[in-house]
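S.K.: Here you go, sequence then predicted model.
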Amino acid sequence: MLVVIVNVHVVAEGIEAFREATLKNARASLKEPGISRFDVLQQKDDASRFVLIEGYLDDGAPAAHKQTAHYLAWRDTVGPLMASPRTSQQFEELEP
């Protein structure tokens with residue numbers, strides 16, 4: 001499984017709108033056949049910082065995800081709410 005971890009820093013006045021849009025996107029993303037997990041985390045000591053943990057079943061699933069209507073709506077909604085560009089890293093899950 002491919003795991004993508006996305007770090008997001010949101011402007012203070014955009015926190016609630018970001019949470020709302022991101023949770024909506026996460027719920028829709030979990031219905032995609034190529035996605036096995038989509039976690040939304042908010043930092044406890046800095047509410048303007050979020051981490052998204054996305055689990056994809058194959059290497060093509062992220063590209064398919066980025067073509068969905070819910071992802072495009074999320075991207076357009078949250079873009080102006082970010083204090084800095086989001087960053088991401090890709091990991092390969094290792095079976096224990």
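M.R.: Arrived safely, thanks for sending. Numbers count the residues shown, from 1 in each chain.
S.K.: give me the low-pLDDT residue ranges for this protein?
M.R.: The chain contains no residues with pLDDT under 70.
S.K.: ranges for the strands of it?
M.R.: 2-9, 35-42, 49-56, 87-92 (DSSP state E).
S.K.: Looking at those strands, which one is packed in the most?
M.R.: Among the strands of the chain, ranked by average contacts under mean count of other C-beta atoms under 10 Å, first place goes to strand 49-56 (a mean of 18). Where C-beta positions appear, they are placed from N, C-alpha and C, glycine not excepted.
S.K.: Given it, what are its sheet partners and their directions?
M.R.: strand 2-9 (antiparallel), strand 35-42 (antiparallel) (DSSP bridges).
S.K.: relative orientation of that strand and strand 87-92 in degrees?
M.R.: Per axes from the mean of the first three to the mean of the last three C-alpha atoms, to 10 degrees, the angle that strand 49-56 makes with strand 87-92 is 30 degrees.
S.K.: For strand 49-56, what is the distance to the chain centroid?
M.R.: Distance of strand 49-56 from its chain centroid, counting by C-alpha atoms, centre = their mean, to the nearest Å, is 5 Å.
S.K.: Tell me where the longest helix sits in this protein.
M.R.: When the chain is parsed with DSSP state H, its longest helix is helix 15-29.
S.K.: Could I have the CA atoms of that one written out in PDB?
M.R.: C-alpha atoms of helix 15-29 as PDB (Å, rounded to 0.1, in the frame of the first residue of the first chain):
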ATOM      1  CA  ILE A  15      -9.500  26.600  10.400                       C
ATOM      2  CA  GLU A  16     -13.200  25.800  10.600                       C
ATOM      3  CA  ALA A  17     -13.800  26.000   6.900                       C
ATOM      4  CA  PHE A  18     -10.700  23.800   6.300                       C
ATOM      5  CA  ARG A  19     -11.900  21.200   8.800                       C
ATOM      6  CA  GLU A  20     -15.400  21.100   7.200                       C
ATOM      7  CA  ALA A  21     -14.200  20.900   3.600                       C
ATOM      8  CA  THR A  22     -11.500  18.300   4.500                       C
ATOM      9  CA  LEU A  23     -13.800  16.000   6.400                       C
ATOM     10  CA  LYS A  24     -16.300  16.100   3.500                       C
ATOM     11  CA  ASN A  25     -13.500  15.200   1.100                       C
ATOM     12  CA  ALA A  26     -12.300  12.400   3.400                       C
ATOM     13  CA  ARG A  27     -15.700  10.800   3.600                       C
ATOM     14  CA  ALA A  28     -16.100  10.900  -0.200                       C
ATOM     15  CA  SER A  29     -12.600   9.600  -0.700                       C
END
